[in-house]
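Participant: next input, structure requested:
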Amino acid sequence: MRPVIDHIQITVKDLDSAEKFYDKFLPILGFDIKNKVKATISENDFHVIEYTHNVLAFAITSPREAFKEDIVNRRKPGALHHLAFKADSRVEVDDAYRKLLEIGANIVLEPAIHPEYSENYYAVYFKDNQNIKYEIVCDKR
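Facilitator: The predicted structure is shown next:
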């Protein structure tokens, strides 16, 4: 078995607002918005929007009614700390950064080398409009 992720599903605080952001963000990573599907499972208080790509499905889901007022905090046990997407080059990281600025992403750290990880670790860090942290990284020269 290879450690390849098939799909990721992230619960967001506001599904409608998040959809607007992800409709702009995911094409930066190569997703085609035409491959987006929505589903509702009423008995589970569950709404999902899934974006599919030939190598990964990425979904955002609504919170349960009981949790809708909770605050996103990546340091809570069981929470997603951040999600990193691999770029093929530093140019891709820089291009993504410019596009992230255009869509209003909250840039945490501009593209830079992070020697604390490795001498070639080049990344941009940002948050979506739900306060979920992401990274686009290239570990090549």
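
Participant: can you tell me the SS state at the most far-flung residue of the chain relative to its centre?
Facilitator: Using CA atoms, centre = their mean, the residue of the chain lying farthest from its centre is residue 43. It sits 27.2 Å away. With DSSP: H, G, I helix; E, B strand; the rest coil as the basis, residue 43 sits in helix.

Participant: quick check, pLDDT for it.
Facilitator: The model reports residue 43 with a pLDDT of 88.

Participant: distance check, it against residue 66.
Facilitator: 15 Å (CB to CB, to the nearest Å). In this view, the C-beta of every residue, glycine as well, is placed from N, C-alpha and C.

Participant: please apply the same query to residue 118.
Facilitator: In terms of CB to CB, residue 118 sits 42 Å off from residue 66.

Participant: residue 13 too?
Facilitator: Counting by CB to CB, the gap from residue 13 to residue 66 is 13 Å.

Participant: one more: residue 3?
Facilitator: In terms of CB to CB, residue 3 sits 33 Å off from residue 66.

Participant: please identify which of those two sits among more neighbours.
Facilitator: residue 66 (8 against 4; other CB atoms under 10 Å).

Participant: Validate this expectation: that one resides in a strand.
Facilitator: No - going by three-state DSSP, the assignment for residue 66 is helix, not a strand.

Participant: quick one, strands of the chain?
Facilitator: 7-11, 36-41, 46-52, 57-61, 83-86, 106-113, 122-127, 133-138 (DSSP state E).

Participant: the closest residue to residue 109 other than its chain neighbours: neighbour count?
Facilitator: Here the nearest residue to residue 109 in space, its sequence neighbours aside, is residue 125; by CB to CB, 6 or more residues apart in numbering that works out to 4.3 Å. Using other CB under 10 Å, residue 125 is surrounded by 19 other residues.

Participant: next one: residue 80
Facilitator: Neighbours around residue 80, by other CB under 10 Å: 14.

Participant: how close does it sit to residue 35?
Facilitator: Taking CB to CB, one finds residue 80 at 23 Å from residue 35.

Participant: cool, and residue 129?
Facilitator: On the measure of CB to CB, residue 129 and residue 35 end up 22 Å apart.
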